[in-house]
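J.: Quick one, structure for this:
(one chain, ligands or ions: 2)
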Amino acid sequence: MRLGKTNLEVNKIGFGALPIQRRNMEDSIEILHRAYESGIDFYDTARFYTDSEEKLGRAFEDVRENIYLASKTAAETPEDFWSDLETALKELRTDYLDLYQHHNISFCPKEGDELAKAMAEAKEEGLIRHIGITTHKITFAHEAIESGLYETLQYPFSYLSGEEELKLVEKCKSLDVGFIAMKAMGGGLLKNSKAAYAFMNQFDNVLPIWGIQHMSELEEFLSYPCDLTLDGDLKAIIEKDKSELGDDFCRGCGYCMPCPEDINISMCARMSLWIRRFPTEPYLDEKTQQIMKKTEDCIECYACVDNCPYELEIPRLLKENYEDYKNVLSGKTVI
Ligand code: SF4
Ligand code: SF4
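T.: Ligands and ions are numbered 1, 2, ... in the order given. Model prediction:
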């Protein structure tokens, strides 16, 4: 597929390199090599993803010209921007990035802003080839694509997405902004990768980046034909998931954290879903019980709510999830 006005021709199966942070170097390189040999040519990482850039750098140093490397910076000052870019190039063992994206920053850099100037300068110097932006907020996304500064937008998009997101995808198409879909598996809550894969095939301007941590996950995606379409069975799975999850669920992005009371919000606000959609037993251990009990310390300061891109009522979600969890633990609720 063509990635909007970047004109990059990429295989429509991008590799999201956030989860490989959790694997050791050797295993990560093995997965990345398998991805490369299978034809995956677009790899998305970020300065924020600890050693992910380094792993990509080590895996692809010898084949750099055959792939596209995208990274991100959360810098909000030119000084931090240049420092992040320098580190990214060093870690990725390359002298250019195909795409560099502002990473969920608090404002949208526009023409003439210091940060926009830094991006433009990096492009002029050949350190980056294209400029993109990532966000979880719909108003921010519109602001960014309307600015004309960005060649790509990275935004959460999955078969749970609603009308607003579908309109955003359409708008990106009309403005020729490449749409990179993050969280295409609903932040870990969706189980059917085949339905997710077929869903993405409906949009010729959308590049999904599948977050891959295990070889088995990679093999799963590689097993699908490129032209997989949504048949009746897959559509039924999507409808079932949509009705089960609705809109009022935590996507696990973590933007609401840290909590001043040290509550693990992204885990605790999703517990009811985890224990129903995945094997329950591992979540009933002593450690998880302690993590869940911490939700009792919520002082309802609402600091988290201000930072949640989905405007979830987090204190209520925490209470509901803990109540449900206790009922499951005591056997009052049987799953
Ligand atoms: S409202 Fe509760 S969970 Fe949210 S930041 Fe405040 S104490 Fe933490
Ligand atoms: S509560 Fe909101 S910000 Fe926090 S992890 Fe969930 S979706 Fe993200």
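
J.: what's the spacing between the closest residue to S193 other than its chain neighbours and D233?
T.: Closest residue to S193 apart from its sequence neighbours, by Cβ to Cβ, 6 or more residues apart in numbering: E220 at 5.2 Å. In this view, the C-beta of every residue, glycine as well, is placed from N, C-alpha and C. Separation of E220 from D233 (Cβ to Cβ, to the nearest Å): 17 Å.

J.: about what we covered before: my hunch is that the residue nearest to S193 is in a helix, does that hold up?
T.: Yes. With DSSP: H, G, I helix; E, B strand; the rest coil as the criterion, E220 is assigned to a helix.

J.: What's the local residue count around it?
T.: Around E220 there are 15 other residues, counting by other Cβ atoms under 10 Å.

J.: Could you tell me the per-residue confidence at it?
T.: On the pLDDT scale, E220 is placed at 96.

J.: mind checking which helix or strand I29 is in?
T.: Assigned by DSSP states H and E, I29 belongs to helix 25-37.

J.: Give me the buried positions along that helix.
T.: For helix 25-37, a neighbour-count test (16 or more other Cβ atoms under 10 Å) marks 28-29, 31-32, 35-36 as buried.

J.: Using PDB, list the CA coordinates for it.
T.: Extracted in PDB, the C-alpha atoms of helix 25-37 (Å, rounded to 0.1, in the frame of the first residue of the first chain):
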ATOM      1  CA  MET A  25      17.800  -9.200  22.900                       C
ATOM      2  CA  GLU A  26      18.300 -12.700  21.400                       C
ATOM      3  CA  ASP A  27      14.600 -13.600  21.200                       C
ATOM      4  CA  SER A  28      13.700 -10.100  19.900                       C
ATOM      5  CA  ILE A  29      16.300 -10.400  17.100                       C
ATOM      6  CA  GLU A  30      15.000 -13.800  16.200                       C
ATOM      7  CA  ILE A  31      11.400 -12.500  15.900                       C
ATOM      8  CA  LEU A  32      12.600  -9.400  13.900                       C
ATOM      9  CA  HIS A  33      14.600 -11.500  11.500                       C
ATOM     10  CA  ARG A  34      11.600 -13.800  10.900                       C
ATOM     11  CA  ALA A  35       9.500 -10.700  10.200                       C
ATOM     12  CA  TYR A  36      12.000  -9.300   7.800                       C
ATOM     13  CA  GLU A  37      12.400 -12.600   5.900                       C
END
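
J.: what helices or strands is it leaning on?
T.: helix 52-60, helix 215-222 (3 or more Cβ pairs under 8 Å, 6 or more residues apart in numbering; DSSP states H and E).

J.: how about 10 Å then?
T.: Judged by 3 or more Cβ pairs under 10 Å, 6 or more residues apart in numbering; DSSP states H and E, helix 25-37 is in contact with strand 14-16, strand 42-44, helix 52-60, helix 215-222.

J.: Name every strand pairing with the second one and say which way it goes.
T.: It stands for strand 42-44. strand 14-16 (parallel), strand 68-73 (parallel) (DSSP bridges).

J.: residues in contact with the first one?
T.: For strand 14-16, the surrounding residues in contact (Cβ atoms under 10 Å, 6 or more residues apart in numbering) are 1, 3, 31-32, 35-36, 40-46, 49, 52, 56, 67-68, 70, 154, 180-185, 207-213, 218, 221.

J.: Quick one: distance of the helix holding I29 to the chain centre.
T.: How far helix 25-37 lies from its chain's middle: 20 Å, per Cα atoms, centre = their mean, to the nearest Å.

J.: cool, stretch 12-23 as well?
T.: Worked out by Cα atoms, centre = their mean, stretch 12-23 lies 9 Å from the chain centre.

J.: buried stuff in that stretch?
T.: By 16+ other Cβ under 10 Å, the buried positions in stretch 12-23 come out as 12-20, 23.

J.: cool, and stretch 204-218?
T.: Buried residues in stretch 204-218, counted by 16+ other Cβ under 10 Å: 205-213, 217-218.

J.: of all those residues, which two lie farthest apart?
T.: N205 and Q213 (27.1 Å; Cβ to Cβ).

J.: Quick check, I238 in contact with Y159.
T.: Yes. With contact defined as Cβ atoms under 10 Å, I238 reaches Y159; the gap is 4.7 Å.

J.: tell me, what's touching the two both at once?
T.: The contact lists of I238 and Y159 share 190, 192, 195-196, 198-199, 230, where a contact means Cβ under 10 Å, 6+ apart.

J.: which one among the residues you listed gets closest to W82?
T.: Nearest member of the shared contacts of I238 and Y159 to W82, counting by Cβ to Cβ, is A196, at 37.1 Å.
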